[in-house]
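>>> sharing a sequence plus its predicted fold:
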Amino acid sequence: MDVTFDRNENLNKKLISQLRAKLEEIKLGGGKESIEKIHEKGKLTARERIEWLLDDPSDFLEIGALAADEMYMEEGCCPSAGVVCGIGRVSKRMCVIVANDSTVKAGAWFPMTAKKNLRAQEISMENHIPIIYLVDSAGVYLPMQDEIFPDKEHFGRQFRNNAKMSSMGIVQIAAIMGSCVAGGAYLPIMSDEALIVDKTGTIFLAGSYLVKAAIGETVDNETLGGASTHCEVSGVTDNKFPDDQSCLNAIKKIMATLGKPDNAGYDRITSSQPAYNVEEILGEFPVDRSKPYEMMDIVERIVDGGSFMHYKKDYGKTLICGTARVDGWAVGFVANQRKIVKTKAGEMQMGGVIYSDSADKAARFVMNCNQRKIPLVFFQDVSGFMIGSKAEQGGIIKDGAKMVNAMANSVVPKFTFILGNSYGAGNYAMCGKAYDPRLIFSWPTGQMAVMSGASAAKTLLQIKVASLKKGGQEITKEAEEALLKDISQKYEKTLHPFYAAARLWVDGVIDPRDTRQIISKGIEMANHRTISEKFNVGIIQT
């Protein structure tokens with residue numbers, strides 16, 4: 001019996017159990033009572049609407065399930081940022097679905113709601129796949145209007161995206177299944193087709209109370225903006241339906257008539273299973289980030305058996321680069337090696353650190369994948385770039401810049417998974433969120449920060465102690481230790497993958513065993529859009 005394997009497996013299963021419990025809680029939205037009230041009105045919840053639409057609900061890849069987690073506690077919290085988003089198939093067509101959750105503050109828009117909606121539109125635009133909006137929202141959450149209304153990436157950006165997507169030929173279908181007020185009214189009406197549910201769906205720039213207050217007119221909401229008004233009088237909406245189910249069935253029919261999507265031509269052959277059992281990932285990957293491991297033990301349990309071909313295997317060993325197949329798709333892997341490696345010159349290099357040779361190797365590999373039109377997958381477990389006089393004299397900044405430049409200018413689809421550490425410039429070089437991965441997910445063991453918790457806490461402590469001494473205060477060893485503990489606890493909270501997912505630094509936190517399926521789905525999604533840009537790295541010092 002392998003004690004280390006069993007320990008790793010048990011700890012990983014514990015983290016996955018915590019993740020599942022968190023997701024189950026979030027899926028209740030505003031709670032069971034709120035769900036019952038929705039049902040009493042004859043309506044479906046946001047998740048029930050999505051499930052009704054999908055060909056296979058189990059095939060739905062949710063985006064941002066943890067968005068806004070514990071971010072708006074004073075307002076009573078906002079599970080999933082009050083909106084459910086994801087990628088699935090409707091009438092056999094892959095698409096993005098966005099559904100307001102009216103059990104959460106009547107579907108009101110919080111700052112993270114806007115960010116999540118924009119992320120959903122971004123996925124649709126980047127991959128040229130249709131998007132379906134299931135609208136049921138009270139509009140902007142007014143107490144926080146200053147954080148959602150005026151800026152470039154705020155509420156109004158979605159309407160700009162509506163127009164841009166239309167010009168790109170991306171199909172947008174909207175169903176008004178509840179409230180749709182004020183500026184939010186533009187979203188469904190700027191879509192290609194706008195459906196509405198009779199008696200429950202309403203759409204207007206101002207509701208009856210505001211109309212009375214502003215111009216003195218007395219009118220009820222149904223007359224003002226109900227299904228009959230907009231389908232028979234104004235012509236704002238296209239068709240009305242008696243209930244949620246019939247409206248959703250109409251969307252299925254529309255999706256079934258869409259023409260064949262474009263094909264980017266990413267290579268795929270018949271899929272084969274990994275050489276090793278995917279379940280064993282949990283035993284091979286250590287939760288303790290001080291423990292080394294062999295990254296290829298993880299990769300070989302995700303790629304099709306026998307398909308991995310190393311690139312420069314004996315050079316730049318702290319980064320693994322190579323091509324492989326995942327569910328039949330050709331992919332290029334860039335993955336950090338966390339164990340200590342030995343160079344041909346006999347030098348020992350720390351695992352999880354990017355050295356000059358590994359940065360140079362990765363830059364060249366990214367260029368090759370762009371030349372051959374092969375999507376890229378990044379497995380992050382990185383502490384950053386190597387530091388110190390030897391590294392600086394060897395040109396680590398130049399070589400690091402070369403890697404970042406090549407990756408940032410890459411035009412093939414990129415997919416990023418944060419397995420362990422994701423610190424400093426290593427996050428950038430390994431295609432962090434700022435570098436436009438088509439999808440980015442974290443394992444429950446992932447951590448994102450400028451530096452590790454231990455390093456950051458010691459640095460912050462030094463600054464605090466120096467500040468106190470400058471003010472004439474002396475600090476005892478016990479007080480210093482207590483201060484370090486307090487700083488560490490506060491910093492560690494920001495390292496948690498749930499913290500990152502709440503802020504949409506990642507699209508979600510996943511069970512490591514689902515990584516293979518997500519890569520496959522991501523490339524299939526990306527295959528809908530042909531590459532129009534040419535790869536050009538600009539100026540790179542050699």
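That came through fine. Numbering: from 1, shown residues only.

>>> C-alpha from now on. contacts and neighbour counts both.
Will do.

>>> just the CA atoms of stretch 243-253, as PDB, please.
Only the C-alpha atoms of stretch 243-253 are listed here, as PDB (Å, rounded to 0.1, in the frame of the first residue of the first chain):
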ATOM      1  CA  ASP A 243     -46.000  29.500 -20.000                       C
ATOM      2  CA  ASP A 244     -42.300  29.000 -19.500                       C
ATOM      3  CA  GLN A 245     -42.300  25.500 -21.000                       C
ATOM      4  CA  SER A 246     -43.900  26.400 -24.300                       C
ATOM      5  CA  CYS A 247     -41.600  29.500 -24.600                       C
ATOM      6  CA  LEU A 248     -38.500  27.300 -24.000                       C
ATOM      7  CA  ASN A 249     -39.800  24.700 -26.500                       C
ATOM      8  CA  ALA A 250     -40.000  27.600 -29.100                       C
ATOM      9  CA  ILE A 251     -36.300  28.400 -28.400                       C
ATOM     10  CA  LYS A 252     -35.500  24.700 -29.100                       C
ATOM     11  CA  LYS A 253     -37.300  25.000 -32.500                       C
END
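
>>> and Lys27, how far is that from Ala81?
11 Å (C-alpha to C-alpha, to the nearest Å).

>>> between the two, which is the more surrounded one?
Per other C-alpha atoms under 10 Å, whichever of Lys27 and Ala81 has more neighbours is Ala81, with 33 against 16.

>>> wait, the more buried one touches Phe110, no?
Yes - Ala81 is in contact with Phe110 according to C-alpha atoms under 8 Å; the separation is 6.9 Å.

>>> count the neighbours of Val3 for me.
9.

>>> same check on Gln371?
Neighbours of Gln371 using other C-alpha under 10 Å come to 14.

>>> so who does the residue lying closest to it once chain neighbours are set aside touch?
Once flanking residues are discounted, Gln371 sits nearest to Phe535: 7.8 Å by C-alpha to C-alpha, 6 or more residues apart in numbering. By C-alpha atoms under 8 Å, 6 or more residues apart in numbering, the contact list for Phe535 reads Asn370, Gln371, Asn409, Ser410, Val411.

>>> quick one: the last one and Arg529 touch, right?
No - judged on C-alpha under 8 Å, Val411 makes no contact with Arg529 at a distance of 11.6 Å.

>>> more neighbours, those two?
Val411 (23 against 19).

>>> sorry, back to before: roughly how far apart are the residue nearest to Gln371 and Met407?
Taken as C-alpha to C-alpha, the span from Phe535 to Met407 is 10 Å.

>>> same deal with Gly169?
28 Å.

>>> between these two, who's got more neighbours?
Neighbours were counted for Gly169 and for Met407 using other C-alpha under 10 Å; Met407 has more, 27 against 13.

>>> who does the closest residue in space to Ala175 that isn't next to it in sequence bridge with?
Nearest residue to Ala175, sequence neighbours excluded (C-alpha to C-alpha, 6+ apart): Leu195, at 4.6 Å. Going by DSSP bridges, Leu195 is paired in beta bridges with Ala175, Asn239.

>>> residues contacting Leu195?
Leu195 sits in contact with Ala174, Ala175, Ile176, Thr237, Asp238, Asn239, Lys240, Phe241, Cys247, where contact means C-alpha under 8 Å, 6+ apart.

>>> and Lys13, what helix or strand is that in?
Using DSSP states H and E, Lys13 falls within helix 3-26.

>>> and what of Phe441?
Counting by DSSP H and E, Phe441 is found in strand 439-442.

>>> now Ala335
Counting by DSSP H and E, Ala335 is part of strand 329-336.

>>> out of the contacts of Phe535, who's nearest Ala256?
Val411 (30.7 Å; C-alpha to C-alpha).

>>> what secondary structure does the residue nearest to the closest one when sequence neighbours are not counted sit in?
Residue nearest to Val411 in three dimensions, not counting chain neighbours: Phe535, with 6.0 Å by C-alpha to C-alpha, 6+ apart. Recorded secondary structure, Phe535: coil (DSSP: H, G, I helix; E, B strand; the rest coil).

>>> do you know how far Phe535 is from Met168?
Distance from Phe535 to Met168, by C-alpha to C-alpha: 21 Å.

>>> can you check Ile16 too?
Where Met168 is concerned, Ile16 sits at a distance of 40 Å (C-alpha to C-alpha).

>>> with neighbour numbers in mind, choose between the two.
Set Ile16 next to Met168 and count neighbours by other C-alpha under 10 Å: Ile16 wins out with 20 against 11.

>>> ignoring the adjacent residues along the chain, who's closest to Glu51?
Closest to Glu51 by C-alpha to C-alpha, 6+ apart is Pro57, at 5.4 Å.

>>> pull the number of nearby residues for that neighbour.
Quick note: Pro57 (other C-alpha under 10 Å) scores 16 neighbours.

>>> contact partners for Gln273?
Applying C-alpha under 8 Å, 6+ apart, one finds that Gln273 lies in contact with Val303, Asp304, Gly305, Asp327.

>>> touching, Cys180 and Val140? I think so.
No - taking contacts as C-alpha under 8 Å, Cys180 lies outside contact range of Val140: 10.6 Å.

>>> so for the two, which sits in the more crowded spot?
For Cys180 versus Val140, the count of surrounding residues by other C-alpha under 10 Å is larger for Cys180: 26 against 22.

>>> can you tell me the helix or strand for the more buried one?
strand 172-181.

>>> which elements pack onto that strand?
strand 131-137, helix 186-189, strand 193-197, strand 202-204, helix 244-256 (3 or more C-alpha pairs under 8 Å, 6 or more residues apart in numbering; DSSP states H and E).

>>> and the following helix or strand past the longest one, what does it pack onto?
The element immediately downstream of helix 244-256 (helix or strand, assigned by DSSP H and E) is helix 281-284. In terms of contacts (3+ C-alpha pairs under 8 Å, 6+ apart), helix 281-284 is packed against helix 3-26, helix 295-299.

>>> list the buried residues for the longest one?
If you call a residue buried by 16 or more other C-alpha atoms under 10 Å, then helix 3-26 has these buried ones: Phe5, Arg7, Asn8, Glu9, Leu11, Asn12, Lys13, Leu15, Ile16, Leu19, Leu23, Ile26.

>>> give the contact list for the third one.
To tie it back to what came earlier, the one meant is Asn8. Leu282, Gly283, Glu284, Phe285, Pro286, Val287.

>>> and what of the second one?
Contacts here follow C-alpha under 8 Å, 6+ apart; on that basis Arg7 touches Gly283.

>>> count of neighbours near Thr343?
13.

>>> ugh, wrong one, Glu48
Neighbourhood size, Glu48 [other C-alpha under 10 Å]: 13.

>>> the one 4 residues further on now?
Per other C-alpha under 10 Å, the neighbour tally for Trp52 reads 17.

>>> state the pLDDT value of it.
You'll see Trp52 listed with a pLDDT of 98.

>>> try Ser179
90.

>>> rewinding a little: closest one to Asn117 out of the buried residues of helix 3-26, please.
Once C-alpha to C-alpha is applied, the member of the buried residues of helix 3-26 that ends up nearest Asn117 is Ile26, at 17.6 Å.

>>> thinking again about what came up before, which residues touch the strand holding Ala335?
With contact meaning C-alpha under 8 Å, 6+ apart, strand 329-336 is reached by 266-269, 271, 295, 318-325, 351-354, 362, 369, 374-382, 430, 520, 523.

>>> filter these down to the ones in strands?
319-325, 353-354, 376-382 (DSSP state E).

>>> distance-wise, check Ser272 relative to Gly305.
7 Å.

>>> more neighbours: which of the two?
Gly305 (18 against 15).

>>> quick one on the thing from earlier: and the contacts of Phe535, which two are furthest apart?
Gln371 and Asn409 (12.4 Å).

>>> and for Ile518, nearest residue in space, chain neighbours not counted?
Per C-alpha to C-alpha, 6+ apart, closest to Ile518 is Leu61, 7.8 Å.

>>> quick check: phi and psi on that neighbour?
With angles defined as degrees, to the nearest 10, Leu61 sits at phi -100, psi 100.

>>> give the contact list for it.
Gly86, Ile87, Gly88, Ile518.

>>> and it, bridged to which residues?
Bridge pairing for Leu61 - DSSP bridges - gives Ile87.
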